[in-house]
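Student: Need the 3D shape of this:
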Amino acid sequence: MAEKDRTKQGSVLRQEGKVSDSVAAFVRKVGAVARPNAGQDGRLLFALDATMSRQPTWDLACSLQAEMFKAIPKDSALQVQLLYFRGLGECRASKWVIDAGALSKLMSGIDCRGGNTQIGRVFAHARTEHTKRRINAVVFVGDAIEENVDALAAKAGQLGLLGCPLFVFQEGRDSRVEAAFREFARLSKGAYARFDASAPQELAALLKAVAAFASGGRDLLKLQNSGQAKALLAQIGHG
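Tutor: Alright, predicted model coming up:
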């Protein structure tokens, strides 16, 4: 990575570190209610579009996502799986892990490659994993759709019926993509938000709020006073 890029990324991380004290306090509370039974651990599936269109902001995305994982204490009873797609039909998932550092390292090693979106495979994977053992939240970050929107909406609705909410983050401002992403979130009883690279603090707070929800549910999310958490809470469960 060039010196200029390292300096820019360091600046972003310093900005992200200024997230309000209320967010930091809430994340600590989430960690304080760890479940002793590993079978009851919260689970969060983190899915990423790693196609070439996301290359310009990929480093920023990885740094913020890595910080989200680091903000979850080791005793928070939250397991995370990373899923990404790119290139010609490549779609891979990591193991379910509690070690956030391992996932952060894995994410930093992923580079973007040209190819079409595979959102359908993300939803299908989420359903398969959820039927094996409950997934408390699915985060998807993307900027495009090159698949049949109605077919994707049907899969999102199925996740909603199973109690597996989608938290869909859109990078960019394509109105067609926004309409579809909002619908996926609504049908799954999840929430939609913009992946705004110009507002790293707000984005980090949103990602942390989702992680908190996955770890402790609506009750713990209600404890947070941030506007980002309240915005997500207002959407969750409204189909």
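Student: residue boundaries of the helices in this structure?
Tutor: 3-16, 21-32, 58-70, 100-108, 119-132, 149-161, 175-187, 200-222, 227-235 (DSSP state H).
Student: and the longest one, average pLDDT?
Tutor: Read it as helix 200-222. Averaging pLDDT along helix 200-222 gives 76.
Student: and the gap between the residue nearest the centre of the chain and residue 150?
Tutor: Central residue of the chain (CA atoms, centre = their mean): residue 139, 3.1 Å from the mean position. Residue 139 sits at a distance of 23 Å from residue 150 (criterion: CB to CB, to the nearest Å). C-beta coordinates here come from the backbone N, C-alpha and C atoms, glycine included.
Student: ok, the residue nearest to the centre of the chain touching residue 207?
Tutor: Yes: counting by CB atoms under 8 Å, residue 207 is a contact partner of residue 139 at 7.4 Å.
Student: Would you mind naming the residues that bridge with the nearest residue to residue 103 once chain neighbours are set aside?
Tutor: Closest residue in space to residue 103, ignoring its immediate chain neighbours: residue 82 at 5.3 Å, by CB to CB, 6 or more residues apart in numbering. When assigned by DSSP bridges, residue 82 has beta-bridge partners residue 46.
Student: so residue 232 makes contact with residue 206?
Tutor: Yes: look at residue 232 against residue 206 with CB under 8 Å: they come within range, at 6.9 Å.
Student: anything in contact with each of the two?
Tutor: residue 193 (CB atoms under 8 Å, 6 or more residues apart in numbering).
Student: Who has more neighbours out of the two?
Tutor: residue 206 (28 against 25; other CB atoms under 10 Å).
Student: residue contacts, that one?
Tutor: Contact partners of residue 206, counting by CB under 8 Å, 6+ apart, are 169, 193, 228, 231, 232.
Student: List buried residues within those.
Tutor: Among these, those classed as buried by 16 or more other CB atoms under 10 Å are 169, 193, 228, 232.
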